[in-house]
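Peer 1: would you be able to build a 3D model of this:
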Amino acid sequence: MLAKNICPHCCGQEREETIACPFDCEFLNQARAHEKLRELRADEIPHPEILVREEFLRDHEPLVLVAASAIAEGIYRLEGLIDNDVREAIESLVQTYKTLGNSGLIYECKPRNPIAAALQEQVQGRLEEFRRRVHEQAGYAGILDSHVLGVLLFFQRMELQVNNGRRRGRSFLDAVRRFVPPPVPADPATMELWQPGS
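Peer 2: Here you go, the predicted model:
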């Protein structure tokens, strides 16, 4: 983030390439308005054998919101988080839950990228905490591994469509951030910002 004015040419060339643009930049938001969703070819859709229909997302809206909130929280907790980090985190989560659903064995797939690994841990923790609370209230396992997998696949496919391909792009994170209410501001004195190596 430069925190200063730059010329329109530099803005267009370097935006989200060499410059980490803040979400509230008016020029970034104007550019976002002109970005189009990428149509995924059949061979680009991850795990095409698993269908994720609108009806499924409506039926599991609370789970969708928990996952979205956990991803959005990464914006505030993980310094330098970009869409490509989210892509790695979600892919590792998909592999974990897919293996769990297919074999019943817990095989956690961890990204080598420390930022992606931290986001994966955060999202998985929020999802499992939500599942635990639902189980305690309902008295049975109301959220199955297949439900979590379906929600993760929704976000994985969304990221592929929204990612603008820029080296420091955060268009997917911006979309998720707009989808969920902002977190309650923490006391700056007690708030810890995760950084690689911490």
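Peer 1: other residues contacting whichever strand or helix holds residue 118?
Peer 2: Using DSSP states H and E, residue 118 sits in helix 114-138. Helix 114-138 has contacts (C-beta atoms under 8 Å, 6 or more residues apart in numbering) with 62-63, 66-67, 69-71, 73-74, 77-78, 80-81, 85-90, 92-93, 96, 110-111, 141-143, 148, 194, 196-197. Every residue, glycine included, has its C-beta placed from N, CA and C.
Peer 1: now intersect those residues with the helices, please.
Peer 2: If you go by DSSP state H, these have 62-63, 66-67, 69-71, 73-74, 77, 85-90, 92-93, 96, 148 in helices.
Peer 1: select only the buried ones of these in PyMOL?
Peer 2: Typed into PyMOL, the line below selects the buried ones among the ones in helices among the contacts of helix 114-138, using 16 or more other C-beta atoms under 10 Å:
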select buried, resi 63+66+67+69+70+71+73+74+77+85+86+87+88+89+90+92+93+96+148
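Peer 1: what's the pLDDT at the residue nearest to the spatial centre of the chain?
Peer 2: In the chain, the residue lying closest to the centroid (C-alpha atoms, centre = their mean) is residue 71, at 4.1 Å. Residue 71 carries a pLDDT value of 97.
Peer 1: also residue 41?
Peer 2: Residue 41 carries a pLDDT value of 89.
Peer 1: do residue 74 as well
Peer 2: If you check residue 74, the pLDDT there is 94.
Peer 1: separation between it and residue 68?
Peer 2: Using C-beta to C-beta, to the nearest Å, residue 74 is found at 11 Å from residue 68.
Peer 1: just residue 45 next, same as before
Peer 2: Counting by C-beta to C-beta, the separation of residue 45 from residue 68 is 20 Å.
Peer 1: ok, the two, which is more surrounded?
Peer 2: residue 68 (20 against 14; other C-beta atoms under 10 Å).
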